[in-house]
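Participant: what follows is a predicted structure for the sequence shown.
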Amino acid sequence: MMTMEEQIRTPTEHKIGFPSRMENMTLVEKFIDDVCEDYNINEDYYGNILIALTEAVNNAIRHGNKLDPEKNITVTFDSRGNVLLFAVEDEGSGFNFDTLPDPTDPANIEKPHGRGVFLMRNLADEVTFDNNGRRVELHFRLAV
């Protein structure tokens, strides 16, 4: 099995997988740190990537896989021209991403949850859902 550093730095393999445990968020943070270092991402953009991607993984662990450590999360990274593409996939049953409540609606302001997808959509340049919501892709465009 490849080490975390080998997984990140091997050009053909930018992927990590892990059981649905919250303590595995440190693996995701290390993954993001290494990718951002490799691509010389500035601090502000790094913050956007970190928050959006950790929200996606948090949602996958909590809502997708329901904190079931028997189910796994996969995080992949790819660069396409000036776009950094991160994808998070869980083994849950999916969800309808088009019917999420608006967290900025006054009826939802006081609710402690429900902001993850909103944050992802506001921090990434593009967010797409596939596989019935089990896979989210976050696109970040680099200035050229």
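Facilitator: Sure thing, it's come through.
Participant: which ones are touching Ala56?
Facilitator: Phe86, Val88, Gly116, Met120, Val136, Leu138 (CB atoms under 8 Å, 6 or more residues apart in numbering). Any C-beta I mention is one placed from the backbone N, CA and C, and that applies to glycine too.
Participant: mind putting those residues in TSV, secondary structure, neighbour count and distance to Val57 included?
Facilitator: Shown next, in TSV, are those (DSSP: H, G, I helix; E, B strand; the rest coil; neighbours: other CB atoms under 10 Å; distance: CB to CB, whole Å):
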residue	secondary structure	neighbour count	distance to Val57
Phe86	strand	24	10
Val88	strand	26	5
Gly116	helix	22	10
Met120	helix	22	11
Val136	strand	28	10
Leu138	strand	24	11
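Participant: nearest to Asp68 among those?
Facilitator: Val88 (16.0 Å; CB to CB).
Participant: number of residues surrounding Phe18?
Facilitator: Counted with other CB atoms under 10 Å, the neighbours of Phe18 add up to 18.
Participant: tell me the secondary structure for it?
Facilitator: strand (DSSP: H, G, I helix; E, B strand; the rest coil).
Participant: start to end distance for stretch 73-89?
Facilitator: 6 Å (CA to CA, to the nearest Å).
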